[in-house]
Each structure stands twice: as structure tokens, then as C-alpha cells.
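S.K.: got a structure for you, letters missing:
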């Protein structure tokens, strides 16, 4: 039996108990947003006031017994991810029947995410060399959904003896705020340093940024700024030839549409 199953069933039961009074999709979305706000407000002081106001606006829509269900749902998510890392909220979303072609929401099955993560990581020695050279590696996910690909990537790194909490930073984007909240919750609970963005990867639009506690507590804004400065300095000292520049551009994905997952 999957260790997540009992927790997923409990979460679905809790949320469905509100379905006869409120739209289930709205209840789920609001539950995810309030959980994300609660986690964010523990460390992200810059956004705390605005998010606290948003939290009070959301809970003000519901009767008290429904609001009391939200922390119970979060507790079950915590227990599920403690039992075994995985895409718990993607499974809940599917179990509740909330997937919709009209919303463009199709979450990749976690087994496929595992296989894709292994292929993305490639050779362990080369990965170790990249970490040695840069201090850490970065992953970019232009359509993150509930964060399944990122979770699988972190798990694949751990299986290779690499601490993703220290040596991985993620930038994840999704156009759907609910998906961003789902991903933020799961990446936060797995202590993955990440910035999760509500935005459009194709138009490069950004509407809202969510910084995981691991990002804030780990000083990742400074680490990323230092790496960008070092990369810029290297480019000035060793300008690439035309052919190398083309190869680098292709590798970075600057001449193509955003890929499902990019690792660099």
C-alpha cells in the first residue's frame, strides 16, 4: 500500500465534507492558499502584511467549522510527506476530480517524473563537478503544476548521495495560482530552496513570487546574486566564440520555448 493513500483519503474526506455548502474547487483552492500563506508568513516578512490581509479575506468567506478543516488538511499533507516524499497534492487534486481540460491542468504522473528526473540529472560525476565548480546547481521548471518534477529531482539527487537542501535551487513557474500554492506547500515541507512564481513562462510575465523558507533561511538571494556576478565576470574575461555562443544559447534554452525542466 502506498504510504500516502490513507492521508490522501483523509484530505479528500475533509474537503468533500464542505462540498454540499461550497464549490469544491473553490474550497480546495482557498485551503491551498491559506496553507501557503501560513507557511510563508513564518519567514517572509516582506510579504507578511499583504498576505495576512489576504488570509483574513479568505477565511471570512466560510463558516467556522470549514475554516477549522484547513489546518487539519495541512497536517495530513505534513504526515504524508514525512511518510514518503512525493506529489501528494497532485494526487489529491486528481482524486477530488478537479482536473479540467478547460483549465489546461494535466499533472504528470509521479512515476514519469521520476524517470524524467533521472534523465535530467545525467552522470553523477558530472553533476558533482558542476556543484564543485559553482557551489550548487539550479533547476528551472516553466510549468510546475504541484511540483512533482521538482520533488522527483530532489529525490533523485538524494538517492545519489547529494543533499538537495544544500546544493539545489529551483525557480518554478505556473500560470495557475492554485498550482503555485500547491507546489509552494510541498517544496516548503521538503525544505527545497525555491522561488515559486505565479506567471507566464512564454510571455515572461511575473505576478507574484513565493520564497520557500529554505530559500530565505539559506540566504539564497545572496548566493544567486554572487553566482550571476561570477558568471558575468567569466563572460567578460573569456568571451565565447560565435560557435560557442550559439551552443551556450541553445543549452540555456534562450532560442526555444521553455522546456519542461531545465537543469544547470
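M.R.: Great, that's in hand. Bear in mind the structure is a predicted one, so any value in this text is a computation, not a measurement.
S.K.: And stretch 197-217, end to end?
M.R.: End-to-end distance of stretch 197-217: 18 Å, with C-alpha to C-alpha, to the nearest Å as the criterion.
S.K.: For that stretch, what is the distance to the chain centroid?
M.R.: Stretch 197-217 sits 9 Å away from the centroid of its parent chain (C-alpha atoms, centre = their mean, to the nearest Å).
S.K.: Spell out, range by range, the strands that occur in this structure.
M.R.: Taking DSSP state E to define them, one finds strands in the chain at 137-141, 168-174, 194-200, 205-211, 262-263.
S.K.: Run through who's touching the fourth one.
M.R.: Among residues not part of strand 205-211, those counted as contacts by C-beta atoms under 8 Å, 6 or more residues apart in numbering are 36, 40, 43-44, 173, 177, 180-181, 184, 194-199. In this view, the C-beta of every residue, glycine as well, is placed from N, C-alpha and C.
S.K.: on that earlier part again, may I see the strands of the chain organised as CSV, with mean pLDDT and distance to residue 154 added?
M.R.: CSV is the format used below for the strands of the chain (pLDDT from 0 to 100; distance: least, C-beta to C-beta, whole Å):
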stretch, mean pLDDT, distance to residue 154
strand 137-141, 94, 9
strand 168-174, 96, 6
strand 194-200, 96, 10
strand 205-211, 94, 17
strand 262-263, 76, 12
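S.K.: which stretches of the stretch 151-264 of the chain have low pLDDT?
M.R.: For the stretch 151-264 of the chain, the stretches with pLDDT under 70 are 240-259.
S.K.: go again using 80 as the cut-off
M.R.: 234, 239-264 (pLDDT under 80).
S.K.: would you list every one of the helices in it?
M.R.: Under the criterion DSSP state H, counting those that start in this stretch, the stretch 151-264 of the chain contains helices at 164-167, 177-189, 213-217, 220-237, 242-252.
S.K.: just the ones you listed: most buried one?
M.R.: Neighbour counts (mean count of other C-beta atoms under 10 Å) averaged over each of the helices of the stretch 151-264 of the chain peak at helix 177-189, with a mean of 27.
S.K.: can you list the strands of the chain in a markdown table and add mean neighbour count and distance to residue 95?
M.R.: Shown next, in a markdown table, are these (neighbours: other C-beta atoms under 10 Å; distance: least, C-beta to C-beta, whole Å):
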| stretch | mean neighbour count | distance to residue 95 |
| --- | --- | --- |
| strand 137-141 | 21 | 23 |
| strand 168-174 | 24 | 20 |
| strand 194-200 | 23 | 23 |
| strand 205-211 | 16 | 24 |
| strand 262-263 | 18 | 30 |
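S.K.: how about those strands, which one is nearest residue 16?
M.R.: The minimum distance between residue 16 and the strands of the chain falls on strand 168-174, with 24.9 Å, by C-beta to C-beta.
S.K.: ok, back up a step: which one of the contacts of strand 205-211 is nearest residue 213?
M.R.: Relative to residue 213, the closest of the contacts of strand 205-211 is residue 43; by C-beta to C-beta it sits at 4.6 Å.
S.K.: circling back to that earlier point, kindly present the strands of the chain as a markdown table, with separate columns for distance to residue 14.
M.R.: Shown next, in a markdown table, are these (distance: least, C-beta to C-beta, whole Å):
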| stretch | distance to residue 14 |
| --- | --- |
| strand 137-141 | 29 |
| strand 168-174 | 24 |
| strand 194-200 | 24 |
| strand 205-211 | 24 |
| strand 262-263 | 36 |
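S.K.: circling back to that earlier point, just tell me which of the helices of the stretch 151-264 of the chain ends up closest to residue 17.
M.R.: Using C-beta to C-beta, the nearest of these to residue 17 is helix 177-189, at 19.8 Å.
S.K.: To residue 55, which of the strands of the chain lies closest?
M.R.: Across the strands of the chain, residue 55 has its closest neighbour in strand 205-211 (13.8 Å, C-beta to C-beta).
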